[in-house]
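Trainee: Have a look at this prediction, sequence included:
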Amino acid sequence: MKNVALVSGLLAVLLGSTLACSPGTSGTSSSSGSSGSSGSSGSSGSSGSSGSSGSSGGAGAPLPAGTFLYVRSATADSDVLVARDLAAGTERVITDLRGDGSQGWEIRGYALSPDRTRIVLASNYGPTKEDNDTKLATRRIWSLATDGSDFKRLTPVFENTGEGRKLFSIEVQDPAFSADGSTVLYSFGNYWYEGTTLKGGALPWSVPAAGGALPSLYSTVQSCSVLNPSLNPATGEILFRHSVCISSADEGLFLYPAGGGTKPKKLVGQSYGTGGVDPSLETAGWVADGSGFVFVGRTEVARNGSTQTAVSLFYYDMAKGTATAIVVPPANSYVQNATVAPDGSAIVYCLREGDSSYNLHLIDLTPAKPTDTAITTDGKSCNPRF
């Protein structure tokens, strides 16, 4: 292990638990910031069937349980989605997003279906004339097979509702599947500036995974931006990050019933100071049996005689209701996001060192003393998902 502190005792506990698993309508922002209620309903435009497709073909074979996905940066404006066999270390490119004749596009969040046969991602891939006519670079939700074929557009052309608003943008990102794979959730937000103050917010919307229908608003509280959906694979519940709420008591990680609702359960509140955790705006990674999840958060640690902030990896135990740091990086390093292997044998996380170097690390939970090893060294690899 290099330059990373592991809490080995907790990882041993995590190992013992997981080895048993089976392989909008417009609105205004509040004075405190984003209220989460702003944003277009997304009901205008096409039903999602339009847009340039990628390579043709049918559904791909299920991704093996020992294979995970990650995003590798190709250029400042384009990404490549890669599949990596955890045991063998072999890789293949699923898509470089050049099937529309472009030089590629960025990926702003993606997810793998519960049956591991489909991928959904948020990207500017495949713009149509109607998209371009909005004068906004709004990402779309696309579905594709695990072999990189059969691209299907799921979201419509989103109307530009920002007339008179400074630097108006529509943000579509972080898709997630429902437990049965029939629905895709994603974050949809409107943002603009009033003077030097950022206004607006985001709420989750859903669209059929098969396409052919318009999005609908997913039921959540509307006093916050509700972001980063993450599916509990055992129960179908959805974990969200509440951010920039009217009341600070509503900030943090909240668990919603599968069908949504307005009374979610707070799991991790936003807190500061010694012992506090401020969850990052990143998607959590669940253990397959639903017994817990890993997430990234800021916490205060003692370093060189002073207290400093460390962006660390935490494990939340559903039975105990506790969040414990399992990776605390050194100064000038930051955990970005993480995922747990379906059989509970490993955690893969992304570590940023400095301002721009991103690499994947593997925590092997099978030895008596878990190990942490860098498995990429290109400085361009992040966002792993099993």
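Mentor: Right, received. Where do you want to start?

Trainee: In its sheet, which strands sit next to the helix or strand where residue 372 lies, and in what direction?
Mentor: Assigned by DSSP states H and E, residue 372 belongs to strand 371-374. Sheet pairing of strand 371-374 (DSSP bridges) gives strand 357-364 (antiparallel).

Trainee: what's around the residue nearest to residue 227 when sequence neighbours are not counted, how many residues?
Mentor: With sequence-adjacent residues excluded and distances taken as Cβ to Cβ, 6 or more residues apart in numbering, residue 227 is closest to residue 241, at 4.8 Å. Using the backbone N, CA and C atoms, a C-beta is placed for each residue, glycine as well. Residues lying near residue 241 (other Cβ atoms under 10 Å) number 26.

Trainee: what sits against residue 241?
Mentor: 226-228, 252-254, 279, 281-282 (Cβ atoms under 8 Å, 6 or more residues apart in numbering).

Trainee: List the ones among those residues that fall in strands.
Mentor: 226-228, 252-254, 279 (DSSP state E).

Trainee: Who wins on neighbours among these?
Mentor: residue 226 (28 neighbours).

Trainee: Quick check: that one vs residue 253, distance?
Mentor: 11 Å (Cβ to Cβ, to the nearest Å).

Trainee: ok, now residue 167?
Mentor: From residue 167 over to residue 253 (counting by Cβ to Cβ), the distance is 30 Å.

Trainee: Kindly report the same for residue 143.
Mentor: From residue 143 to residue 253 the distance is 27 Å (Cβ to Cβ).

Trainee: Residue 312 too?
Mentor: According to Cβ to Cβ, residue 312 stands 15 Å off from residue 253.

Trainee: Repeat that for residue 357.
Mentor: Residue 357 is 28 Å from residue 253, by Cβ to Cβ.

Trainee: same thing with residue 166?
Mentor: 32 Å.

Trainee: Residue 207 now?
Mentor: Distance, residue 207 to residue 253, using Cβ to Cβ: 24 Å.

Trainee: Same question for residue 325.
Mentor: The spacing between residue 325 and residue 253, counted by Cβ to Cβ, is 15 Å.

Trainee: same deal with residue 211?
Mentor: Applying Cβ to Cβ to residue 211 and residue 253 gives a distance of 30 Å.

Trainee: Can I get stretch 97-110 in PDB? Just the C-alpha atoms.
Mentor: Included here for stretch 97-110 are C-alpha records, laid out as PDB according to Å, rounded to 0.1, in the frame of the first residue of the first chain:
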ATOM      1  CA  LEU A  97     -18.600   7.800 -28.100                       C
ATOM      2  CA  ARG A  98     -17.400   8.400 -31.600                       C
ATOM      3  CA  GLY A  99     -20.200   6.600 -33.300                       C
ATOM      4  CA  ASP A 100     -21.900   9.800 -34.200                       C
ATOM      5  CA  GLY A 101     -19.000  11.000 -36.300                       C
ATOM      6  CA  SER A 102     -17.500  13.200 -33.600                       C
ATOM      7  CA  GLN A 103     -14.200  13.100 -31.800                       C
ATOM      8  CA  GLY A 104     -15.900  11.800 -28.600                       C
ATOM      9  CA  TRP A 105     -17.700  13.300 -25.600                       C
ATOM     10  CA  GLU A 106     -17.500  13.400 -21.900                       C
ATOM     11  CA  ILE A 107     -19.500  11.000 -19.700                       C
ATOM     12  CA  ARG A 108     -21.200  12.600 -16.700                       C
ATOM     13  CA  GLY A 109     -22.400   9.600 -14.800                       C
ATOM     14  CA  TYR A 110     -23.400   6.000 -15.900                       C
END
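
Trainee: re the thing from before, what's the helix or strand for the residue nearest to residue 227?
Mentor: strand 238-243.

Trainee: now that strand: mean pLDDT?
Mentor: Average pLDDT, strand 238-243: 98.

Trainee: Which pLDDT value belongs to the residue positioned nearest the centre of the chain?
Mentor: Centroid check for the chain by Cα atoms, centre = their mean gives residue 283 as the closest residue, at 3.6 Å. If you check residue 283, the pLDDT there is 97.

Trainee: what residues are up against it?
Mentor: Counting by Cβ under 8 Å, 6+ apart, residue 283 makes contact with 109, 174, 176, 228-230, 337.

Trainee: Would you mind putting the residues you listed into CSV with pLDDT and secondary structure alongside?
Mentor: CSV is the format used below for these (pLDDT from 0 to 100; DSSP: H, G, I helix; E, B strand; the rest coil):
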residue, pLDDT, secondary structure
109, 98, coil
174, 98, strand
176, 98, strand
228, 98, strand
229, 98, strand
230, 98, strand
337, 98, strand
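
Trainee: can you give me the helices for the stretch 1-150 of the chain?
Mentor: 8-18, 129-133 (DSSP state H, counting those that start in this stretch).

Trainee: Any idea which of those has the lowest pLDDT on average?
Mentor: Of all those, the minimum mean pLDDT falls on helix 8-18 (a mean of 42).

Trainee: in the stretch 151-300 of the chain, which spans are strands?
Mentor: For the stretch 151-300 of the chain, applying DSSP state E, counting those that start in this stretch gives strands covering 152-153, 166-177, 183-194, 197-208, 216-217, 225-231, 238-243, 252-256, 265-269, 278-279, 285-286, 292-303.

Trainee: follow-up on the earlier one: any residues in contact with both of residue 226 and residue 253?
Mentor: 240-242.

Trainee: For residue 276, see how far away the residue of the chain most remote from its centre is.
Mentor: Ranked by distance from the centre of the chain (Cα atoms, centre = their mean), the top residue is residue 305, with 35.1 Å. To residue 276, residue 305 is 20 Å away according to Cβ to Cβ.

Trainee: With residue 182 instead?
Mentor: For residue 182, the distance to residue 276 - Cβ to Cβ - is 39 Å.

Trainee: same thing with residue 253?
Mentor: Taken as Cβ to Cβ, the span from residue 253 to residue 276 is 14 Å.
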